[in-house]
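# Could you look at this predicted model? Sequence included:
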Amino acid sequence: MGAAVDSSEIVSLEQVRITFPVYQAGARSLKKRVLFHGSAGKIGRDANDHMVIEALRDVSFSLKAGDRLALIGTNGAGKTTLLRAIAGIYEPLQGRLITRGRISPMFDITLGIDGDLSGLDNIHLRALLLGLSPAEIEQRMADIVEFTELGDYLDMPVRTYSAGMILRLSFAVATCFEPDILLMDEWILAGDAHFMSKAEVRIQSFVERARVMVLASHNLELCRRWCNVGLWLDRGSVKEFGPIDQVIERYQQFVAGVQPH
């Protein structure tokens, strides 16, 4: 039996390993497979000698209430894979991953939008997928509608929306409740200036209400401002985990080619 999990831990990973099978081993198809999963992990073999991409290897850490974790690393380091694993999208091949409470995945937030449904219908659909009850949706509907600034467009099919309008709709729903675990990718902070001035205020409030936040970002200043803990990933493995300033310093030394003392 494994060690008992601390009941105060909101997120706990123990020796988590995630791999993606490669069914066609040709150079072109292998490259496409790796890019699809957003991973530059090591190529290996499973127990049946099938080729796999090791996206996460032996990842262990835990987060308690109040922790704000920054995932740091180059493209393909495994940051998005880790976010998706915590969200329950990817199941570990080995190890143990435990989460406690309602999760708000603030990445791929436009996934599942139905272009043939109206904006209002999509609000109900997205909110139900996020685990809100019909009563909770009704309580939050006025706030969601006001934040989107879409007005009469909410009665029209979403296929008539621009990409920016769809983002507003999805963002408003995704931030309408208090999550226990908030998972964010920095791209969510991209958008038109007027919308993002509102969005940043809403995100800040959203972050403060969450018990735990995990942010994947290349913006180290954003990581310093919003996070107290850092996790540096390199090709799917943990290089450093600890106070955010310490992790950023080690990562910057690595990028600059400076050997730590």
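Arrived safely, thanks for sending.
# domain ranges for the protein?
9-101+217-256, 108-179+193-206 (automatic domain parsing).
# how about these, which one is nearest residue 186?
Ranking the domains of the chain by distance to residue 186, with Cβ to Cβ as the measure, places domain 9-101+217-256 first at 3.9 Å. All C-beta atoms are positioned from the backbone trio N, CA, C, and that covers glycine.
# roughly how far out does that closest one sit from the chain middle?
Mean C-alpha position of domain 9-101+217-256 versus that of the full chain (Cα atoms, centre = their mean, to the nearest Å) differs by 11 Å.
# And for stretch 208-225?
Counting by Cα atoms, centre = their mean, stretch 208-225 comes out at 11 Å from the chain centroid.
# gap between the two ends of that stretch?
13 Å (Cα to Cα, to the nearest Å).
# and that stretch, which residues are buried?
Buried residues in stretch 208-225, defined by neighbour count with 16 or more other Cβ atoms under 10 Å: 210, 211, 212, 213, 214, 215, 216, 217, 220, 223.
# before we move on, back to that, please identify which of the domains of the chain is closest to residue 185.
Of all those, domain 9-101+217-256 comes closest under Cβ to Cβ, at 6.6 Å.
# In terms of helix, strand or coil, where does residue 131 fall?
Three-state call for residue 131 (DSSP: H, G, I helix; E, B strand; the rest coil): coil.
# contacting residues for it?
residue 102 (Cβ atoms under 8 Å, 6 or more residues apart in numbering).
# coming back round to it: next step: the buried residues of stretch 208-225 restricted to strands.
212, 213, 214, 215, 216 (DSSP state E).
# what's the most distant pair in those residues?
212 and 216 (14.2 Å).
# tell me which residues in stretch 150-169 are buried?
Quick answer for stretch 150-169 (16+ other Cβ under 10 Å): 150, 153, 154, 158, 161, 165, 166, 167, 168, 169.
# picking up where we left off before, out of the buried residues of stretch 208-225, which is nearest to residue 57?
For these, the residue nearest residue 57 by Cβ to Cβ is residue 216; the value is 17.7 Å.
# where does the stretch 51-200 of the chain dip in pLDDT?
Within the stretch 51-200 of the chain, the segments meeting pLDDT under 70 span 187-193.
# Show me the strands in it, by range?
51-64, 68-72, 94-99, 103-106, 181-185 (DSSP state E, counting those that start in this stretch).
# JSON lines please, covering those strands and showing mean neighbour count.
Below are these laid out as JSON lines (neighbours: other Cβ atoms under 10 Å):
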{"stretch": "strand 51-64", "mean neighbour count": "20"}
{"stretch": "strand 68-72", "mean neighbour count": "25"}
{"stretch": "strand 94-99", "mean neighbour count": "16"}
{"stretch": "strand 103-106", "mean neighbour count": "22"}
{"stretch": "strand 181-185", "mean neighbour count": "23"}
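# what's the closest of those strands to residue 252?
Of the strands of the stretch 51-200 of the chain, nearest to residue 252 by Cβ to Cβ is strand 68-72, at 9.7 Å.
# Give me the angle between the closest one and strand 181-185.
Interaxial angle of strand 68-72 relative to strand 181-185 (axes from the mean of the first three to the mean of the last three Cα atoms, to 10 degrees): 30 degrees.
# Strand 68-72 pairs with which strands, and in what direction?
strand 212-216 (parallel), strand 229-234 (parallel) (DSSP bridges).
# next helix or strand past the last one?
Meaning strand 229-234. Beyond strand 229-234 in the direction of the C-terminus, DSSP states H and E gives the next helix or strand as strand 237-243.
# Would you mind getting the angle between that following strand and strand 68-72?
Using the same axes, to 10 degrees: strand 237-243 against strand 68-72 is 140 degrees.
# secondary structure element for residue 16?
strand 9-21.
# now the helices: where do they sit in the stretch 151-261 of the chain?
163-174, 193-209, 220-226, 244-256 (DSSP state H, counting those that start in this stretch).
# who wins for proximity to residue 122 among the strands paired with strand 68-72?
Closest approach to residue 122 among the strands paired with strand 68-72 (Cβ to Cβ): strand 212-216, 25.6 Å.
# and that closest one with helix 193-209, angle?
140 degrees.
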